[in-house]
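*Asks:* generate a structure from the sequence data that follows.
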Amino acid sequence: MDINLTMLTDFYEFTMSNGFFQEGMKDKIAYFDVFFRENPDNGGFSIMAGVEQIISYLNNLHFTNDDIDFLDKKRIFSKEFLNYLRDFKFTCDVWAIPEGTPIFPGEPLVTVRGPVIQAQMIETMLLLIINHQSLIATKANRIVRAADGRPVMEFGSRRAQGAEAAILGARAAYIGGCIGTACAATDVLYKVPALGTMAHSWVQMFDSEYDAFLAYAKNYPDNCTLLIDTYNVLKSGLPNAIKVFKDYLVPNGYRPKGVRIDSGDITYLSKKCRKILDEAGFHDCGIVASNSLDEYIIRDTLLQGAQIDSFGVGERLITSKSSPVFGGVYKLAAVEDKDGKIIPKIKISENVTKITTPGFKQVYRLYSSETSKAIADVITLNDEVIDSDSYELFDPEHTWKRKTVTNFYSRPLLKQIFKNGKQVYKVPELSVLREYCSMEVNGLWDEVKRFENPHTYYVDMSQKLWDLKYNLLEKCKY
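*Replies:* Have a look, this model is predicted:
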């Protein structure tokens, strides 16, 4: 969706930008990083999403006359600054980790380099996009992994926090591994398969449950999935469904697609339904479960022997109900002097996790050549390359913890998406991103993928970057 969202920013971006302009700093080059500090749900990793929307946003940055008039009426901005905004043109360089990539706390997900007013102005939208879509993609991936190969459908549009959250949340859920969505608009806009059959109101509209099922079967004989819990799953819904299968579908050369259970004890009911369906000769009839599911409920029902073939997951996915904030931040990492030399910047806090990592950086992912599993990520300065036969990893906080890795290969994660304000990256098709995400998650050790107490995946620093950071810390001692 190409929508001009230039004014969707925190007001302090304008007050700072006006100040930069008045101080003669409008052309000063700054570097900003987007990163996050904790994985949602105390998980072992997250999933990157939202790059396509960042590109769309940056390609449409401009201020309208109405925007300028609005700011002018505040009576705190100079005429010169407002004229600058009137002729605003985005000229920054931007790098981002591709969508679908597993990501970890502390590493830059997006880096912006350019005139400070431009780089500062886009903070809010970049965070809004990355925080929302990465949150939902991460939750979807957890749920999909819990389903252990069974298809998961995103059913949460009506519980999302607004229209765009429904549409883009479904997009992110597809990247995370869902097979489709109930949101038709996401199919229209992003080609995420729209899925769905009937609601309880369909059943209630007819004189009998049997009549409702028969009418649906006649309308959709090739894709007949019946919702069987409107009245009573075992005493009414399933018997009526089987009767329609036998009375209409089979005599006309069709087979039932499935039955859906949306309430009750789905473990117990699915076992009973599976047995009855099999005895009736419908081994090929799937059982779909929905109703306030998440990764923990899905995992537990399957451990208890639930006979469920696919899941529809709504509110707990589209809102990431158990952990609804991603927590990404946007921090200054460096500036350039008049000669183009990069001057690193650091923010210090008594809270160690809030101390930023300075400099213009790259992130490398190291993989074992024997297993193709990810070993660790290393944050380096941008001009460093990891391509040697051996490399010493060390914990940036507990530096005595060191390990030399050999027989590995590495790849840089940050890809340039804008150069001098021009898009230089083509976003892959969503189906490609979904497959890429699955492949990359499979490249993590199972211990990292545990829902509870996952093994810590190390994000280390190069020695050069570590020295830079701690030299700055030493200089800032008070």
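*Asks:* going by C-alpha atoms from here, please, whenever you check contacts or count neighbours.
*Replies:* Noted.
*Asks:* just give me the neighbour total for residue 471.
*Replies:* Residue 471 has 11 neighbouring residues, counting by other CA atoms under 10 Å.
*Asks:* quick one: the strands in the stretch 251-400 of the chain?
*Replies:* 258-261, 286-289, 310-313, 329-336, 342-344, 361-368, 374-381, 390-394 (DSSP state E, counting those that start in this stretch).
*Asks:* which strands or helices does the third one pack on?
*Replies:* Pointing back at strand 310-313 there. On a contact count with 3 or more CA pairs under 8 Å, 6 or more residues apart in numbering; DSSP states H and E, strand 310-313 meets strand 152-154, strand 286-289.
*Asks:* in its sheet, which strands sit next to that strand, and in what direction?
*Replies:* Take DSSP bridges as the rule and strand 310-313 pairs in its sheet with strand 152-154 (parallel), strand 286-289 (parallel).
*Asks:* what about the last one, distance to the chain center?
*Replies:* It refers to strand 286-289. Chain-centre distance of strand 286-289: 26 Å, with CA atoms, centre = their mean, to the nearest Å.
*Asks:* any stretches of the chain with poor pLDDT?
*Replies:* Counting by pLDDT under 70, the chain contains low-confidence ranges at 1-3, 478.
*Asks:* domain parsing of it, as residue ranges.
*Replies:* 11-136+324-475, 197-291 (automatic domain parsing).
*Asks:* the first one: how far from the chain's middle?
*Replies:* The chain centre lies 15 Å from the centre of domain 11-136+324-475; the measure is CA atoms, centre = their mean.
*Asks:* next one: the last one
*Replies:* Centroid separation between domain 197-291 and its chain, computed with CA atoms, centre = their mean, is 34 Å.
*Asks:* for residue 136, what are phi and psi?
*Replies:* Backbone dihedrals for residue 136, given as degrees, to the nearest 10, come out at phi -70, psi -40.
*Asks:* and it, what does it touch?
*Replies:* By CA atoms under 8 Å, 6 or more residues apart in numbering, the contact set of residue 136 is 169, 172-173, 176, 317-320.
*Asks:* let's see 7 Å
*Replies:* 169, 172-173, 317-318, 320 (CA atoms under 7 Å, 6 or more residues apart in numbering).
*Asks:* among those, which are in helices?
*Replies:* Using DSSP state H, 169, 172-173, 317-318 are the members of the contacts of residue 136 that sit in helices.
*Asks:* what number of residues lie near residue 15?
*Replies:* Counted with other CA under 10 Å, residue 15 comes out at 13.
*Asks:* measure it to residue 357 for me?
*Replies:* Plainly put, residue 15 is 26 Å away from residue 357 if you go by CA to CA, to the nearest Å.
*Asks:* same thing with residue 262?
*Replies:* From residue 262 to residue 357 the distance is 48 Å (CA to CA).
*Asks:* ok, back up a step: out of the domains of the chain, which is closest to residue 307?
*Replies:* Nearest to residue 307, of all the domains of the chain, is domain 197-291, at 5.1 Å by CA to CA.
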